[in-house]
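sequence and predicted structure below; questions after.
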Amino acid sequence: MDKTISRIAECGLGITYDGLPATVIHDCKRHILDTLGCAYAAYDAEPSLMARRLALRAHAPTGARVLGTAHRSTPELAAFANGVMIRYLDGNDAFPGGGGGHPSDALGALLAATDMARVSGKNLIAAIVAAYEIYHRLFEAARIQDKGWDHVFYTAVASAVGASRLLGLSVKKTRNAIALSITPNLALEVTRRGDLSMWKGCAGANAARNGIFAACLAAEGMTGPAMAVEGKRGLWDVVGKFEFAPLNAGDTFRISLANLKFFLAEYHAQAPITVALSLHGQVPLEDIERITVYTYQFAAIRNKGDVGISHPLTRETADHSIPYMVAAALIDGSFSDAIFSDERLKDDQIHRLMKNIEVVEDAGYTRAYPDLNPCRIEILARNGRRKSAAVDYPLGHVKNPMSDRDVEEKYRSLSARTLPAAEIASLSSDVWRLEQLADASVLLDVTLV
């Protein structure tokens, strides 16, 4: 087995609950609650319904439950259905940096493994922290999105490691699970270009599905390529050589570096939405000559020269279009994912204002990113008057964190789209006292059908 796979296994298995600072344990619970809120908010979204129908076709008494049901499906189908709900509305957490992706995508797999193995809350916390650790260290090392591959690759590997822990796999079997998650799971980054399809919100779920499937295969004794990373025609030959950093004493746990989202939109839109809201009403819409959104290179490139971004036709494209979201925020004076409804996607007022919006790179912002997530918006009125505002860290950024109350309110408002009040309160209570639970599978006890 190559050294990189061994290092990944050592990192993932070396994290113990007793070795986690109280702040990291608390951060983990915040991310779990946030993720569950996002999942239940998307319970009735069309892709969620599709994924759930597929999962409900399979019956596996020793498998895992699909969120909101008492039905046990195969672990990989449950992970996919739950992962689609987690990710689809684009409200779950994100690591800073272009291509950092969404580590909580792995929770689709980890909740399924928890339901199968009936592990304690402490074990689940440690597995989640380990998955975030693997995810971010792979991202920092490989930067595969720069080579045309989708960041959900990190989700597949992180899910395999986290699921292996929860299922009690040996070191040898965990290494095989890692090899089996790496070899077949390089996804194309075309998922996030042009007119975005439903798959944009499902790709992370698919990676989680593949991660737990790899762990289940390894549990049965399946072996993977021993040199999946460093061998001939291995990962290094495809994405370039990289060094996976080992876990060292004193390192900051990577889960504490993941940003939460205050708004249900891609992370690079959080600051532009914030600034646009602060400028609402300062220039009458009919008097606006031009709006310039200054941002860092990664966000600017993604929002220039793309017909899909300038004329979004789907929710998936609109929640990646900074001009669309800035226009809607300036018009409404508030932000809700209701702007992604079919009706609002056809709103002439939004599209007229979008024509006056340009997203450009600020070189200073590019140098400051990703330590900062800066944005400045300047509005030029027809009479020559200018209004501008800026922000360095949107709410939810680790340097401008959402309070526990903010996290709870986001969870409750999102969950209320689907869950009754008693279930919302009960699930929240279980998450905040997770380390006290002997069986963490109670997080899946909510039953809607």
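Structure's in. What do you need?

and Glu378, which of the three is it?
Following DSSP: H, G, I helix; E, B strand; the rest coil, the label given to Glu378 is strand.

any idea how many residues pack against it?
16 (other Cβ atoms under 10 Å). Using the backbone N, CA and C atoms, a C-beta is placed for each residue, glycine as well.

look up how far Leu20 lies from the closest residue to it other than its chain neighbours.
In this structure, Glu378 finds its nearest non-sequential neighbour in Ser388, 4.3 Å apart by Cβ to Cβ, 6 or more residues apart in numbering. For Ser388, the distance to Leu20 (Cβ to Cβ, to the nearest Å) stands at 43 Å.

most centrally placed residue in the chain?
Centroid-nearest residue in the chain, with Cα atoms, centre = their mean: His102, separated by 2.6 Å.

can you give me the strands in the stretch 1-150 of the chain?
64-65, 72-73 (DSSP state E, counting those that start in this stretch).

and the last one, what other elements does it pack with?
Under the contact criterion of 3 or more Cβ pairs under 8 Å, 6 or more residues apart in numbering; DSSP states H and E, the helices and strands touching strand 72-73 comprise helix 46-57, strand 64-65.

out of the ones you listed, which is the most enclosed?
strand 64-65 (a mean of 27; mean count of other Cβ atoms under 10 Å).

what secondary structure does Val293 sit in?
Val293 is classified as strand under three-state DSSP.

mind listing the residues bridging to it?
Applying DSSP bridges to Val293 yields these beta-bridge partners: Val359, Ile377.

still on that earlier bit, neighbour count: Ser388 and Leu20, which is higher?
Leu20 (20 against 14).

where does the stretch 1-150 of the chain dip in pLDDT?
Along the stretch 1-150 of the chain, the model assigns pLDDT under 70 to residues 1.

and the helices in it?
3-14, 22-41, 46-57, 75-87, 107-117, 121-142 (DSSP state H, counting those that start in this stretch).

can you tell which of those is closest to Ala177?
helix 3-14 (8.6 Å; Cβ to Cβ).

packing partners for that closest one?
By 3+ Cβ pairs under 8 Å, 6+ apart, helix 3-14 packs against helix 121-142, helix 152-166, helix 171-182.

helices or strands up against the first one?
It refers to helix 121-142. Judged by 3+ Cβ pairs under 8 Å, 6+ apart, helix 121-142 is in contact with helix 3-14, helix 22-41, helix 107-117, helix 152-166.

tell me which of the ones you listed lies nearest to Asp146.
Nearest of these to Asp146, taken as Cβ to Cβ: helix 152-166 at 12.5 Å.

tell me which strands and helices that closest one is in contact with?
Using 3+ Cβ pairs under 8 Å, 6+ apart: helix 152-166 touches helix 3-14, helix 107-117, helix 121-142, helix 171-182, helix 203-219.

what comes up buried for the third one?
I take that to be helix 121-142. 121-142 (16 or more other Cβ atoms under 10 Å).

now that helix: how far from the chain's centre is it?
Centroid displacement of helix 121-142 relative to its chain, using Cα atoms, centre = their mean, to the nearest Å, is 13 Å.

relative to Arg315, how far out is Lys232?
Taking Cβ to Cβ, one finds Lys232 at 43 Å from Arg315.

looking at the two, which has the bigger crowd around it?
The neighbour comparison of Lys232 against Arg315 (other Cβ under 10 Å) goes to Arg315, with 24 against 7.

quick one: contacts for that one?
340, 345 (Cβ atoms under 8 Å, 6 or more residues apart in numbering).

again, only this time at 6 Å
The neighbours of Arg315, taking Cβ atoms under 6 Å, 6 or more residues apart in numbering as the test, are Phe340.

what's the first helix or strand after the helix or strand containing Ala328?
Using DSSP states H and E, the element containing Ala328 is helix 322-332. The first helix or strand that comes after helix 322-332 along the chain, using DSSP H and E, is helix 342-345.

list the buried residues in that next one.
Going by neighbour count (16+ other Cβ under 10 Å), the buried part of helix 342-345 is 344-345.

the residue lying closest to Leu54 once chain neighbours are set aside: how many residues sit nearby?
Once flanking residues are discounted, Leu54 sits nearest to Leu77: 6.2 Å by Cβ to Cβ, 6+ apart. Leu77: 24 surrounding residues under other Cβ under 10 Å.
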